[in-house]
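1. Have a look at this prediction, sequence included:
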Amino acid sequence: ARKIIIDTDPGQDDAVAILLALASPEEIEVLGITAVAGNVPLPLTEKNARIVCELAGKPETRVFAGCDTPIARKLVTAEHVHGKTGLDGPELPDPTMPLQAQHGVDFIIDTLRSEPSGTVTLCPLGPLTNIAVALQRAPDIAGRIQDIVLMGGAYFEVGNITPAAEFNIYVDPQAADIVFKSGAPITVMPLDVTHKALVTKPRNDAFRAIGSPVGVAVAEMTDFFERFDKEKYGSAGAPLHDPCVTAYLINPDLFTGRRINVEIETQSELTLGMTVADWWGVTDRPPNAMFMGDIDADGFFALLTERLARL
Ligand code: BDR
Ligand code: CA
């Protein structure tokens, strides 16, 4: 199984990404989960991460709290999408499993240094603050990362928090800039992909039909999360952004993309956090990321539903 650290700001779609990973021990070994401030503040994201581990029946999963503010800006949150708790929708009990004492950034650094080089994949599902701070503090880890498979950015689909920027990158553009310049291998799941992973009514029914607490909770989470996209964008359902990352680790053939250059806008007020993705290769800037462009959505939902039924 591939060893991963999930870095996350749950978030209903983060929750589904975590459930998919925990349901797939043959392909994925979750070494730990590091929480970051994003959709909601850190005290809620670390708590939500533990709620999700308990929902999965995996309270032994290690959850760490990381950074509570972006590197150089004030935190921007997304309660308008995810609700006050970040995980609105299902009624889930408060967690009883512990939060680990170690800081999330230290856990990332220690893990990359202690595991054999090239065997640990980072899976950021929120703002890139924890990953960037780890890279800044311990530049030696960049060369030891197997891959950074992240949800963030957009090209044709441009923005969802501003006209130019996707939420995760916009919240901490300085962090994103550090990550994209780090030289570590990067695989990006942008809005171009995730806006095709829509929880339509039949897909939501399929989650509910699993009949287990996990299946029902995922149906309720995606019901809640879908309100925003349906009302705001007339979308056919909630986009399951973050589960694209964990699905990629299980079956990369569900996705297609290109190796291209991606730079982050960190200066302009108008386009702050834009992922300037050279999809057409019009510059001579060297590729630094595998940027996905398409997904087999039916294959993705078939995999997800089958795996969630295992929990
Ligand atoms: C990203 O922003 C968050 O609201 C979601 O959890 C996802 O990671 C989508 O732009
Ligand atoms: Ca997220």
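-> Perfect, thanks for sending it. Numbering: from 1, shown residues only. Ligands and ions are numbered 1, 2, ... in the order given.

2. Residue 56: neighbouring residues, count only.
-> Neighbourhood size, residue 56 [other C-beta atoms under 10 Å]: 23. In this view, the C-beta of every residue, glycine as well, is placed from N, C-alpha and C.

3. gap between it and residue 214?
-> To residue 214, residue 56 is 7 Å away according to C-beta to C-beta, to the nearest Å.

4. intersection of neighbour lists for those two?
-> 19, 311 (C-beta atoms under 8 Å, 6 or more residues apart in numbering).

5. what does this structure put close to ligand 1?
-> Residues of the chain found near ligand 1 (C-beta under 6 Å from any ligand atom) are 11, 13-14, 39, 78, 81, 125-126, 151, 160, 166-168, 241-242.

6. From those residues, pick the one nearest residue 220.
-> Nearest to residue 220 out of the residues of the chain next to ligand 1 is residue 13 (C-beta to C-beta; 13.5 Å).

7. Quick one, grab the pLDDT at that closest one.
-> For residue 13, the model assigns a pLDDT of 98.

8. partner strands of the strand or helix carrying residue 33, parallel or antiparallel?
-> Element membership of residue 33, judged by DSSP states H and E, is strand 28-35. Here strand 28-35 has these sheet partners by DSSP bridges: strand 2-8 (parallel), strand 63-65 (parallel).

9. Does the following helix or strand past the longest one reach ligand 2?
-> Translated: strand 2-8. Helices and strands here follow DSSP H and E; after strand 2-8, the next one along the chain is helix 12-22. Yes. Judged by C-beta under 5 Å from the ion, helix 12-22 comes into contact with ligand 2 through residue 14.

10. just checking, what packs against helix 12-22?
-> strand 2-8, strand 28-35, helix 42-55, helix 213-233, strand 238-239, helix 243-250, helix 297-308 (3 or more C-beta pairs under 8 Å, 6 or more residues apart in numbering; DSSP states H and E).

11. and residue 254, how many neighbours?
-> Residues within reach of residue 254, counting by other C-beta under 10 Å, total 21.

12. Return the per-residue confidence for it.
-> 98.

13. before we move on, what about residue 232?
-> Note on residue 232: pLDDT of 77.

14. Likewise for residue 50?
-> In this model, residue 50 is scored at 98, pLDDT.

15. Report the separation between it and ligand 1.
-> Per C-beta to the nearest ligand atom, to the nearest Å, residue 50 is found 17 Å from ligand 1.

16. OK, contacts around the residue nearest to that residue when sequence neighbours are not counted?
-> Nearest residue to residue 50, sequence neighbours excluded (C-beta to C-beta, 6 or more residues apart in numbering): residue 95, at 3.6 Å. When contacts are counted by C-beta under 8 Å, 6+ apart, residue 95 is found next to 47, 50, 51, 53, 54, 59.

17. mind giving me JSON lines with those and columns for neighbour count?
-> Converted to JSON lines, the contacts of residue 95 look like this (neighbours: other C-beta atoms under 10 Å):
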{"residue": "47", "neighbour count": "21"}
{"residue": "50", "neighbour count": "21"}
{"residue": "51", "neighbour count": "24"}
{"residue": "53", "neighbour count": "23"}
{"residue": "54", "neighbour count": "16"}
{"residue": "59", "neighbour count": "14"}
